[in-house]
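Enquirer: Predicted model, plus sequence, below.
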Amino acid sequence: MSEIIQTNYLLIGYSVSSWFAAQAIREEDDSGRILAITEDDKAYSRPLLSYVLGNRSKDIAYFGEVVSHNPIEVWWGSSVINLDGVERWAELSDGRKVEFERALIATGAIPVFPPIRGASGEGIFTFTHIDDLERMSAYIHKENIENILVLGGGFIGLKTCEALIELGLNIQLVELAPRLLINMTDEKSSRHLEKALIKEGVDIILEDTVEHFEREGQKLRGCVLKSGRSISCRMAVVAIGVRPNVAWLKGSGVQVDRGILVNRFQETSCPGVFAAGDVTETMNMVTGERSVTAIWPEAVIQGKIAGKNMAGKRDVYPGSLPLNAVEVGETALISAGLVNPPGDDDCEILVCESEGSYQKLVLKENRIVGLVFVKNIEKAGIYIHLLRQRISIDAFRDKLLQPDFGIISLPSNFRKHMVEGAGIEV
């Protein structure tokens, strides 16, 4: 008969959402048992993967100890293979069973890898996990890689390019869409990014994709695109996106669409079972539509909300905000919210362009609902705060994109809240 473990709180997955959930639980309950189950062998920061690969950082660690007289337990190198969200138990990969009072599902996302002929074999990688980092770094050095293909011009693909540029590699970037970062840029901001990549030596191929890879034995030697163009490369990174890791939840009772469906308290369809991070499908705070927003800041917020509510609070998640930033050479880009509003959305667009920089705000009903900045991004945190807090810009509309715009431009009651309250994201 398998061993049965009982716990007050079960954390399934132990990355950023779970860590902040555990901290939030301990702020409300310093005695309940918290047990975390994770396939990883250590906690680390996924956003730092590209910085470590590109030798811009040596340390991938992020998490400290949860401050408590009663530390949480983390079972490294294990996983939950079955969950019953109604009866509240989980089966582990080693056969043990965990019975819980409250659970958090934070199993993150997994890379999308389309079926491509010739993809089986060495030299082709995804880049979302610490194991990917270690394998890629070892392969680059072992095989003395000079030419590399990056398939996908979205956020992961661009972060991969950032790192490979630092290593001095010859990069060919292939993207199926007509522009890079199509979900977080408009036409002009994307062109700024393209120019920056070209300046760093990246060859960009748009509106095309890989038809098949070519090999000599097991060694990768190149690929052929749908257009018929041949590319020589000895290594490739497939970075076309991620999807929530939810397949294992079949039969759990937890309702899933693209991701796990949660309410405004981060609770799933099974009372007492919560979810947070890249595995969830939440309400977009700008559009009101459900979507998967697989980014670090939202995972932090969702983890905090879920943890508080697992411990008995009723804190409300305000909704997800798409928010990302990339940096190529001297060109930094940040975007948030609704960057490309539909033509019938009754939005107002403010744009400021000067000396290679680009700033665009999308306004609706006297509020900022989206932005994209290129180069001059130092004050982006102020605009993002105004967006998140749904603050009316009517009193300072004429100053919004002025060079001297800052916290001092805001009414005193807003300034006090930004300094003493929620703070500003950068």
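Expert: Yes, it's here. Numbering: from 1, shown residues only.
Enquirer: Residue 336 sits in which helix or strand?
Expert: Using DSSP states H and E, residue 336 sits in strand 331-337.
Enquirer: Run me through the strand neighbours of the next helix or strand after that strand, direction for each.
Expert: Going down the chain from strand 331-337, the next helix or strand is strand 348-354, by DSSP H and E. Strands that pair with strand 348-354, judged by DSSP bridges, come out as strand 357-364 (antiparallel).
Enquirer: after the strand it pairs with comes which helix or strand?
Expert: Following strand 357-364 in sequence, per DSSP H and E, is strand 367-374.
Enquirer: Would you pull up how far that next one lies from the middle of the chain?
Expert: Distance of strand 367-374 from its chain centroid, counting by C-alpha atoms, centre = their mean, to the nearest Å, is 19 Å.
Enquirer: Only the C-alpha atoms, please, for it, written as PDB.
Expert: In PDB, the C-alpha atoms belonging to strand 367-374 read as follows (Å, rounded to 0.1, in the frame of the first residue of the first chain):
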ATOM      1  CA  ARG A 367      -7.200  56.200 -19.700                       C
ATOM      2  CA  ILE A 368      -4.100  54.600 -21.000                       C
ATOM      3  CA  VAL A 369      -4.900  51.100 -22.300                       C
ATOM      4  CA  GLY A 370      -1.700  50.400 -24.200                       C
ATOM      5  CA  LEU A 371       1.800  51.600 -24.900                       C
ATOM      6  CA  VAL A 372       5.000  50.800 -26.800                       C
ATOM      7  CA  PHE A 373       8.200  52.700 -26.300                       C
ATOM      8  CA  VAL A 374      11.500  52.300 -28.100                       C
END
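Enquirer: Let me know the angle separating the helix or strand that that strand is followed by from strand 357-364.
Expert: Going down the chain from strand 367-374, the next helix or strand is helix 380-388, by DSSP H and E. Computed by axes from the mean of the first three to the mean of the last three C-alpha atoms, to 10 degrees, the angle separating helix 380-388 from strand 357-364 equals 10 degrees.
Enquirer: Could you list the paired strands of the strand or helix carrying residue 150 along with their orientation?
Expert: Element membership for residue 150 (DSSP H and E) is strand 147-151. Using DSSP bridges, the strands paired with strand 147-151 in its sheet are strand 170-175 (parallel), strand 235-238 (parallel).
Enquirer: and the helix or strand just after the longest one with strand 348-354, angle?
Expert: Same thing as strand 170-175. Remark: after strand 170-175, the chain's next helix or strand is helix 187-199, criterion DSSP H and E. Put simply, helix 187-199 runs at 30 degrees to strand 348-354, going by the same axes, to 10 degrees.
Enquirer: does the closest residue to residue 300 other than its chain neighbours belong to a helix or a strand, and which?
Expert: Sequence neighbours aside, residue 20 is the residue nearest to residue 300 in space, at 5.4 Å (criterion: C-beta to C-beta, 6 or more residues apart in numbering). Any C-beta I mention is one placed from the backbone N, CA and C, and that applies to glycine too. Secondary-structure assignment from DSSP H and E places residue 20 in helix 16-28.
Enquirer: contacting residues around that helix?
Expert: Applying C-beta atoms under 8 Å, 6 or more residues apart in numbering, the set of residues contacting helix 16-28 from outside is 9, 11, 32, 34, 36, 38, 43, 45-46, 62-63, 66-68, 70, 72, 104, 106, 274, 276-277, 296, 299-300, 302-308, 310-313.
Enquirer: Sort out which residues of that helix are buried, please.
Expert: Buried residues in helix 16-28, counted by 16 or more other C-beta atoms under 10 Å: 16, 17, 18, 19, 20, 21, 22, 23, 24, 25, 26, 27.
Enquirer: Just give me the neighbour total for the closest residue to residue 112 other than its chain neighbours.
Expert: Nearest non-adjacent residue to residue 112, counting by C-beta to C-beta, 6+ apart: residue 241, 4.7 Å away. Residues contacting residue 241 under the criterion other C-beta atoms under 10 Å number 18.
Enquirer: For residue 241, give me its contacts.
Expert: Counting by C-beta under 8 Å, 6+ apart, residue 241 makes contact with 111, 112, 152, 154, 156.
Enquirer: these two touch, right, the last one and residue 238?
Expert: No. Using C-beta atoms under 8 Å as the test, residue 156 is too far from residue 238 to be in contact (9.5 Å).
Enquirer: and for these two, which residues touch both?
Expert: residue 111.
Enquirer: angle of the helix or strand hosting residue 138 against strand 147-151?
Expert: Secondary structure from DSSP H and E places residue 138 in helix 130-142. Angle, helix 130-142 to strand 147-151, by the same axes, to 10 degrees: 150 degrees.
Enquirer: which strands and helices sit next to helix 130-142?
Expert: Contacts defined by 3 or more C-beta pairs under 8 Å, 6 or more residues apart in numbering; DSSP states H and E place helix 130-142 against helix 49-53, strand 124-125, strand 235-238.
Enquirer: Thanks again, I'm all set now.
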